[in-house]
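Q: This is a predicted model, with the sequence first.
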Amino acid sequence: MRIPTLSAVLILLSCASQLQADEPLAPPARYEVQSPSHKFVATLDPQSGVHVRASGSSETLWTSTNWFRVAFLADDGEHFVTGYAGMNLIPQDYAKDLVLISFWRRDKKIRDVTVGELFPDTRILQKTVSHYNWGSITGVTNSALIVRRCDGRVMRFDVSTGRITK
């Protein structure tokens, strides 16, 4: 049986997109994130941790010794959100208490959001070649963290409490 060329191309493209999702992560590197209004900047460096300052200033407002692969800074410069280091992919043998999102006030953790909290029914998680895709953190807007689950559901969290908002 011969597969038509267009069908073969579509099959190959769908396989390639799945494989890209499971590629190894880049090594830790220095990067910056800005608050939504660009009033504050956080520099994340694997050697020196997190340094938050007002835009245009060299004066550090607060620091943390940790480095995070996924980070968001709120408009107040005080609240900071970090995501799971594996980004959108969690291991196939995950536990429901695996932390996906952490909320911080400066360098003090306020609250964690786990797989079990975000997915009471974990059958929603999408299996990839070697992991599960849980979704992504879209960003911070006003005082809310926007999270898009793998099933398309959008959830908002108050960045100052880590609690789901309506």
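A: That came through, no problem.
Q: Can you tell me what sits against stretch 108-123?
A: For stretch 108-123, contacts defined as C-beta atoms under 8 Å, 6 or more residues apart in numbering pick out 90, 94-104, 125, 134-135, 147, 149, 155, 157, 160-163. C-betas here are computed from N, CA, C, even on glycine.
Q: Just the endpoints, please. Distance across it?
A: 33 Å (C-alpha to C-alpha, to the nearest Å).
Q: need the contact list for T161.
A: Neighbouring residues of T161 by C-beta under 8 Å, 6+ apart: 103, 110-111.
Q: about what we covered before: just the ones of the contacts of stretch 108-123 in strands?
A: Among the contacts of stretch 108-123, the members falling in strands (DSSP state E) are 90, 99-104, 135, 147, 149, 155, 157.
Q: Number of residues surrounding the residue nearest to Y84 when sequence neighbours are not counted?
A: Sequence neighbours aside, L100 is the residue nearest to Y84 in space, at 4.7 Å (criterion: C-beta to C-beta, 6 or more residues apart in numbering). L100 has 24 neighbouring residues, counting by other C-beta atoms under 10 Å.
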